[in-house]
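In: here are the coordinates; sequence isn't available:
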């Protein structure tokens, strides 16, 4: 069964909420604010992000919000939440995922697993791997979404295709057990366990060896 690993995903999401920080997805986005943040000049970074946020730049809105929430610059939590909403409304996947975590945990906003699912889905549809795992877990557990193990496996495999070792383990488990209407296919299960093991997951390596012995 992969239920213990599912519980690990829930715990990881909660920990992720505490570790969120300013984000730059690629070299082109590493602007003045990012470089200032990287060298520990939070005051300069905050000024740059605040200016960008006022111009409506979604990355700056997200980064300024996260600096406020992490206590790295003065600001009120409701203002940070409003910035996150503004960034997410512009389809910034990282902000959408972050909102999902906030609704899931009840931080800054009334807890709503249904709203968490909405935001996880929006980010997941843009290819955000952590959001794909999160929405898969919503469906697997029936939290804020109808319990649907088949749909959960579909999202786990999409995340696995993105290279996440944890998702590859979950996708393998789906094929090993055939959850819901998902096909039971031990060869595909083995393939995903091997991929997860290569990504550094020791439990996946053990599962792969066990499947090989069953041949």
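Out: That came through, no problem. Remember, predicted model here, so these are calculated numbers, not experimental data.
In: check contacts around residue 186.
Out: 175-176, 211, 214 (Cβ atoms under 8 Å, 6 or more residues apart in numbering). Quick note: C-beta positions are derived from backbone N, CA and C, even for glycine.
In: I'd like those laid out as JSON lines, including neighbour count and secondary structure.
Out: Listed next are these as JSON lines, based on neighbours: other Cβ atoms under 10 Å; DSSP: H, G, I helix; E, B strand; the rest coil:
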{"residue": "175", "neighbour count": "22", "secondary structure": "helix"}
{"residue": "176", "neighbour count": "21", "secondary structure": "helix"}
{"residue": "211", "neighbour count": "18", "secondary structure": "helix"}
{"residue": "214", "neighbour count": "8", "secondary structure": "helix"}
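In: closest one of those residues to residue 97?
Out: residue 175 (26.0 Å; Cβ to Cβ).
In: could you find the closest non-adjacent residue to that closest one?
Out: residue 189 (3.8 Å; Cβ to Cβ, 6 or more residues apart in numbering).
In: roughly how far apart are the residue nearest the centre of the chain and residue 166?
Out: Taking Cα atoms, centre = their mean, the centroid of the chain lies closest to residue 130, which sits 2.5 Å from it. Distance of residue 130 to residue 166, computed by Cβ to Cβ, to the nearest Å: 10 Å.
In: ok, residue 206 next?
Out: 15 Å.
In: ok, now residue 148?
Out: Taken as Cβ to Cβ, the span from residue 148 to residue 166 is 20 Å.
In: so for those two, which sits in the more crowded spot?
Out: Neighbours of residue 148 and residue 166, each counted by other Cβ atoms under 10 Å, are more numerous for residue 166; the result is 22 against 18.
In: quickly find the element holding the more buried one.
Out: Element membership for residue 166, per DSSP states H and E: helix 165-177.
In: could you pull out the buried residues of that helix?
Out: Within helix 165-177, the residues that count as buried by 16 or more other Cβ atoms under 10 Å are 165-176.
In: now these as TSV including distance to residue 98 and pLDDT?
Out: TSV is the format used below for the buried residues of helix 165-177 (distance: Cβ to Cβ, whole Å; pLDDT from 0 to 100):
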residue	distance to residue 98	pLDDT
165	22	96
166	19	95
167	19	96
168	24	97
169	24	97
170	22	97
171	25	97
172	28	97
173	27	97
174	27	97
175	31	97
176	32	96
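In: quick check, nearest of those to residue 101?
Out: With Cβ to Cβ as the yardstick, the closest approach to residue 101 among the buried residues of helix 165-177 comes from residue 166, at 16.2 Å.
In: residue 200 is in contact with the closest one, correct?
Out: No. Counting by Cβ atoms under 8 Å, residue 166 stays clear of residue 200, with 10.0 Å between them.
In: and the helix or strand hosting residue 88, average pLDDT?
Out: Per DSSP H and E, residue 88 falls inside helix 77-89. Taken as a whole, helix 77-89 has a mean pLDDT of 96.
In: now that helix, how far from the centre of its chain.
Out: Centre-to-centre, helix 77-89 and its host chain are 18 Å apart (Cα atoms, centre = their mean, to the nearest Å).
In: buried residues, that helix. List them.
Out: 80-81, 83-88.
In: do the same with stretch 131-146
Out: Applying 16+ other Cβ under 10 Å to stretch 131-146 flags 131-141, 144-145 as buried.
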